[in-house]
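Participant: Fold the stuff below for me.
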Amino acid sequence: MRPGPPAARRGQAARIDRRLEAFYGPPPRRRSRDALSTLVGAILSQNTSDANSRRALARLRARFRSWEAVRDAPLASLIGAIRPAGLAALRAPRIQAILRRVSAERGALSLTFLRRWPVERARAWLRSLDGVGPKTAAIVLAFGLGKPAFAVDTHVYRVGRRLGLIPGALSVEEAHPWMEELVRPERHGAFHLLLVRHGREICKAARPRCHLCPVRRLCDFYAARVPARAGRRAP
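Facilitator: So this is what the prediction gives:
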């Protein structure tokens, strides 16, 4: 079994969390959604922009009055509704298959039963759904069910590795339980959102704006760059 995060990294994560919140302000509270809406929204957001996934979800809600209507709709109609998200021909049957499974297993289109389950049991059930990976499952747990889970998307993975919070040897999938151990459960959702925002605005993939970064003094990536730059400036 891989050892958990050392105490020094836990302290570093807590300091980074505080500084990012002081810099950006507390993340706005997400509009309350039921877990099933969170799940469908997360599926629509995979490998696409937030704007496109929100547009697709809005079109789906406008066209269909209930999840039962989405479940029973002609496939072509659902594909047309969610087309802005991209890969609609792949996502639409997955969404309908999930809705049909929930109906068959629970007798109603709701995921509220997962609130009563322990986190790992709920996670395993979500991961058993076609098209639901560790990030999507964590989003539903954290933002749809209010359970302690840390979603690691491309921004969180990149920023976390640069900061030194996520060891370089860890895969994206392995980073999920690591971050859940590293960060206090009550901060899972907020710190996730702060890291995502930081990755979009400052710690960009191609050109990180280190001179603007409020946590550069706590960052392994920045520490490695500073001596190199100083050396180039030396006579």
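
Participant: Report the contact partners of residue 81.
Facilitator: Contacts for residue 81 (CB atoms under 8 Å, 6 or more residues apart in numbering) come out as 56, 59, 60, 63, 64. For the C-beta atoms, the positions are set from N, CA and C on the backbone; glycine is no exception.

Participant: And stretch 5-25, what's buried?
Facilitator: 5, 9, 10, 12, 13, 16, 17, 19, 20, 21 (16 or more other CB atoms under 10 Å).

Participant: From what I see, the first one and residue 181 are in contact.
Facilitator: Yes. Applying CB atoms under 8 Å, one finds residue 5 in contact with residue 181, separated by 5.5 Å.

Participant: can you list the domains in the protein?
Facilitator: What automatic domain parsing lists as the domains of the chain is 7-28+150-212, 35-144.

Participant: Switch these over to TSV, and while doing so, append mean pLDDT to every line.
Facilitator: Formatted as TSV, the domains of the chain follow (pLDDT from 0 to 100):
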stretch	mean pLDDT
domain 7-28+150-212	96
domain 35-144	95
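
Participant: Let me have those domains in CSV, extended by distance to residue 226.
Facilitator: Below are the domains of the chain laid out as CSV (distance: least, CB to CB, whole Å):
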stretch, distance to residue 226
domain 7-28+150-212, 9
domain 35-144, 32
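
Participant: I'd like to know which of the ones you listed is closest to residue 219.
Facilitator: Among those, domain 7-28+150-212 comes nearest to residue 219, with 5.0 Å by CB to CB.

Participant: tell me the contacts of the residue nearest the centre of the chain?
Facilitator: When CA atoms, centre = their mean is applied to the chain, the residue found nearest the centroid is residue 151 (3.9 Å). Taking CB under 8 Å, 6+ apart, we find residue 151 in contact with 135, 138, 139, 142, 176, 192.

Participant: Count the residues that sit near the fourth one.
Facilitator: By that I understand residue 142. Using other CB atoms under 10 Å, the number of residues around residue 142 comes to 23.

Participant: returning to that earlier point: looking at the buried residues of stretch 5-25, which is nearest residue 129?
Facilitator: Nearest to residue 129 among those: residue 5, at 29.0 Å, using CB to CB.
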